[in-house]
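Engineer: Sequence and predicted structure below; questions after.
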Amino acid sequence: MELRFRCITRGAAAIAAAVCVGAVCLGAAAGQAADVEKGKAAFTRQCLVCHTIEKGDPDRFGPNLSGIVGKKAGSAPEFAYTRAFKTAANWEWTEDALASWIMFPGVMVPGTAMGIFQGVAERDRDDIVAYLASKK
């Protein structure tokens, strides 16, 4: 994944560090390509309790994630984001940003509601990101 993450907040250093960790240290296993079908299964197991994915589905505890790649963070019109997220989320959701968010939401946005989430297994992360990217 190419690193395409920009931020302009006071928490820029923490956010940039989380993205670098996600992009460099936690990259896909050597040479293994992400698998959209495995990502769908992992999303169903680990994310569906809080998020919907199909276009037009309602938000849950977290926002609907349909078409998230390329969107500005915090831009779901009907979703009530936490104050912490609204304050810090000044980036575009790239595949790298999503991978970092899945692994380190509390580092990217201290105080976010997603910070209570324990994270996704590394073996599932890249597959989930591929699945999210496929849902345009």
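Structural biologist: Looks like it came in fine.

Engineer: what ranges of this protein fall below the confidence cut-off?
Structural biologist: Counting by pLDDT under 70, the chain has low-confidence residues at 1-31, 115-117.

Engineer: Show me where it has its helices.
Structural biologist: For the chain, helices defined by DSSP state H occupy the ranges 12-20, 36-46, 83-88, 95-103, 105-108, 122-134.

Engineer: And the residue positioned nearest the centre of the chain, how close does it get to residue 69?
Structural biologist: The C-alpha lying nearest the average C-alpha coordinate of the chain belongs to residue 98 (C-alpha atoms, centre = their mean; 3.0 Å). When distances are taken as C-beta to C-beta, to the nearest Å, residue 98 and residue 69 turn out to be 7 Å apart. No exception for glycine: its C-beta is placed from N, CA and C like everyone else's.

Engineer: coming back round to it: could you find the closest non-adjacent residue to the residue nearest to the centre of the chain?
Structural biologist: Leaving aside its sequence neighbours, residue 98 sits nearest to residue 129 (C-beta to C-beta, 6 or more residues apart in numbering; 5.0 Å).

Engineer: Could you count how many residues lie near the one you found?
Structural biologist: Residue 129 has 29 neighbouring residues, counting by other C-beta atoms under 10 Å.

Engineer: any idea how far residue 111 is from it?
Structural biologist: Relative to residue 111, and taking C-beta to C-beta, residue 129 is found at 24 Å.

Engineer: check contacts around the residue lying closest to residue 86 once chain neighbours are set aside.
Structural biologist: Spatially, and ignoring its direct neighbours in sequence, residue 86 is nearest to residue 74 (5.8 Å; C-beta to C-beta, 6+ apart). Remark: with contacts taken as C-beta atoms under 8 Å, 6 or more residues apart in numbering, residue 74 is in contact with 81, 85, 86, 89.
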